[in-house]
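Novice: Got a predicted structure here, sequence first:
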Amino acid sequence: MTRFDLGEWQTRLIKGASLATSADRSLAETLAQQQRAIVEELRDGVRVKALSWIGVIQFTQFEIRIHPKFAGGDAGVARLIDYVGGLDSLSTIEGEPGVRIEGCDMLDIVALLFATAVKKVVRLGLLMDYRRFEEDLPVLRGRLLGDRQLTRRFGRIDRLECRYDERTADIVENRIILAALELLSRRVRNAALARQVRRLQAIFGSACGAADRHEVSLARQEMVYHRLNGYYRTSHDLGWLVFDGFGIEELLAPGSDRCFAFLIDMNRIFELFCERWIAALLRGTDWRMHAQVPCRSVLWNAHSKTSWGAVRPDLLISHRSGAGASLPVDAKYKLYDERAVDSSDVYQLFLYAFGFAPVEAANARLPAGLIVFPASDAGGGERHRLHIRRIADRRAGAEVVITAIPLMRALDELQQDIAPFSTEFRAALSALLPSQ
């Protein structure tokens, strides 16, 4: 199969190619609807426009690989995912025979990280819990369901309608992992990695059934981690990445011959990186960070005296005492080193800066908001500082600072004693935090 490569936000015309089957056309339509990539069939070929999603798109006649622009290539994205997932195991992975990050496509990279997390779960032991079962049995077990016995088996005693609890590994924590392993087993390219995935699939398949897409969606919203199942969190986080990469509808698609797409949203990866990295910078200070917490007190309906809607900054940095103002931070995975900042992003941060501002009499510092985006080179730092001003007296009422983060440099500094950019960013962050 012919392979074509392009980078994020690039457009390429594949001359002579076509969307040969209805499955090809259906996949192209789905990608466009979900805003993952734009694939158009033209008279002289197929035009592909990449967005901020990276990975693999496989059609019947050809394959497209979309590579990251800012994250140091596919290997750099592996480092990012490893970091944001809390796995921190790339050095261990690189030592395994037959498996190398370099040369793998994004699907195999995510599969490798997921398999590594799942192997840790296996080493610690598969979780078991009690589940309630209701079925007809030849002998009584647990409690007899009298009403069901009368309505379904009146006058018969050869089968009894029973309800009982049994300790089993067939629980949602394991079923989610098995569903992701089954998805990957049909698509992984690297032979050594495929054997790993199939071995893990056999282990979990002997213990439980695979979750369907409704169970996966419900678990993602309602899963609670505690002392007993906390070691499953990393594997589940990477499992959500697998489901998102394929699309949840892939759970219903049997076979490995059909066309498919595995694409990762770099917007989300960048948000998760900023969340963990900035939290690390704030460690040991009087400030704490909250991620994606909605606030319904900023937009207010003056007539009904009720909330008009919620605002949700990507990150909100506030004092540990809970008193005073907060600093809103938005992570934007955009080409702001190469083009103008979107007005909508600036307006949004000015709204956040005003909504989370300190009481004017208590603090002379301007209400502030921070936009962070990936740097196009190793030189990060402040790019713009914008003020919103009153026309009458030209007095500034709030400011938005737009700062670039060099992703690979920030990751490298995590393993180094000297961290100049991290130190610089921490100082800039401290200057924006409201005084208490």
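Specialist: That came in fine, so what should we check first? Residues are numbered from 1 along each chain as shown.

Novice: so what strands line up beside the helix or strand harbouring Val48?
Specialist: Applying DSSP states H and E as the criterion places Val48 in strand 45-50. Note on strand 45-50: by DSSP bridges, its sheet partners are strand 11-15 (antiparallel), strand 37-42 (antiparallel).

Novice: ranking these by burial, who's on top?
Specialist: Sort the strands paired with strand 45-50 by mean neighbour count, taking mean count of other Cβ atoms under 10 Å, and strand 37-42 sits at the top with a mean of 17. Placement of C-beta: from N, CA and C, glycine included.

Novice: Return the residue of this protein that is most distant from the centre.
Specialist: Going by Cα atoms, centre = their mean, the residue of the chain most distant from its centre is Gly155, 55.8 Å out.

Novice: Next one: it from Gln416, what distance?
Specialist: Using Cβ to Cβ, to the nearest Å, we find Gly155 at a distance of 79 Å from Gln416.

Novice: Now the element after the worst-scoring helix or strand of the chain on mean pLDDT, going C-ward?
Specialist: Within the chain, no helix or strand scores below helix 90-94, which has a mean of 57 by mean pLDDT, DSSP states H and E. As assigned by DSSP H and E, the chain's next helix or strand after helix 90-94 is helix 106-124.

Novice: by contact count, what packs against that next one?
Specialist: Here helix 106-124 touches strand 53-58, helix 73-84, helix 90-94, helix 172-185, helix 191-205, helix 233-246, strand 260-265, going by 3 or more Cβ pairs under 8 Å, 6 or more residues apart in numbering; DSSP states H and E.

Novice: between that helix and strand 53-58, how many degrees?
Specialist: If you take axes from the mean of the first three to the mean of the last three Cα atoms, to 10 degrees, helix 106-124 sits at 100 degrees to strand 53-58.

Novice: just checking, what packs against the helix or strand following helix 106-124?
Specialist: Reading on from helix 106-124 to the C-terminus, the next helix or strand found by DSSP H and E is strand 129-137. Judged by 3+ Cβ pairs under 8 Å, 6+ apart, strand 129-137 is in contact with strand 160-168.

Novice: Work out which residue lies at the spatial centre of the chain.
Specialist: Closest-to-mean residue, the chain, Cα atoms, centre = their mean: Arg268 / 5.0 Å.

Novice: any idea how far that one lies from Cys274?
Specialist: 11 Å.

Novice: try Asp286
Specialist: From Asp286 to Cys274 the distance is 20 Å (Cβ to Cβ).

Novice: quick one, which of these two is more surrounded?
Specialist: Ranked by neighbour count (other Cβ atoms under 10 Å), Asp286 and Cys274 place Cys274 first, with 26 against 10.

Novice: Run a quick check on the more buried one versus Lys332, I expect a contact.
Specialist: No. At 9.8 Å, Cys274 and Lys332 do not qualify as touching, with contact defined as Cβ atoms under 8 Å.

Novice: Mind telling me what element the nearest residue in space to Arg12 that is not next to it in sequence is part of?
Specialist: Distances taken as Cβ to Cβ, 6 or more residues apart in numbering put Leu6 closest to Arg12, at 4.7 Å, once the chain neighbours are dropped. Element membership of Leu6 [criterion: DSSP H and E] is strand 2-7.

Novice: Just checking: what are the partner strands of that strand?
Specialist: strand 62-67 (parallel).

Novice: residues making contact with the partner strand?
Specialist: With contacts defined as Cβ atoms under 8 Å, 6 or more residues apart in numbering, strand 62-67 is touched by 1-8, 14, 17, 37, 46, 48, 50, 53-58, 73-74, 105-106, 263.

Novice: what's the angle from that strand to helix 73-84?
Specialist: Here strand 62-67 runs at an angle of 60 degrees relative to helix 73-84 (the same axes, to 10 degrees).

Novice: how many neighbours does Val298 have?
Specialist: Other residues lying near Val298 total 16 when counted by other Cβ under 10 Å.

Novice: In a strand, it, correct?
Specialist: Yes. Counting by DSSP: H, G, I helix; E, B strand; the rest coil, Val298 falls inside a strand.

Novice: okay but it is in contact with Ala357, surely?
Specialist: No. The pair Val298 / Ala357 is not scored as a contact, 10.4 Å apart, by Cβ under 8 Å.

Novice: just to revisit the earlier point, could you pull out the residues contacting both of Cys274 and Lys332?
Specialist: Val372.

Novice: Show the backbone phi and psi for Leu432.
Specialist: Main-chain dihedrals, Leu432, degrees, to the nearest 10: phi -90, psi -20.

Novice: And the nearest residue to Arg152 once chain neighbours are set aside, how close does it get to Val48?
Specialist: Nearest in space to Arg152, with sequence neighbours left out and distances taken as Cβ to Cβ, 6+ apart, is Glu161 at 6.4 Å. Relative to Val48, Glu161 is positioned 57 Å away (Cβ to Cβ).

Novice: Over to Arg199?
Specialist: According to Cβ to Cβ, Arg199 and Val48 sit 36 Å apart.

Novice: Neighbour count for the two, which is higher?
Specialist: Neighbours per residue (other Cβ under 10 Å) separate Arg199 from Val48, with Val48 holding more: 23 against 13.

Novice: Secondary structure element holding Leu31?
Specialist: Under the criterion DSSP H and E, the helix or strand holding Leu31 is helix 22-33.

Novice: For that helix, buried residues please.
Specialist: For helix 22-33, burial by neighbour count (16 or more other Cβ atoms under 10 Å) applies to Ala23, Asp24, Arg25, Leu27, Ala28, Leu31.

Novice: The fifth one is in contact with Arg47, isn't it?
Specialist: It refers to Ala28. No. Assessed by Cβ under 8 Å, Ala28 is found out of contact with Arg47, at 10.6 Å.
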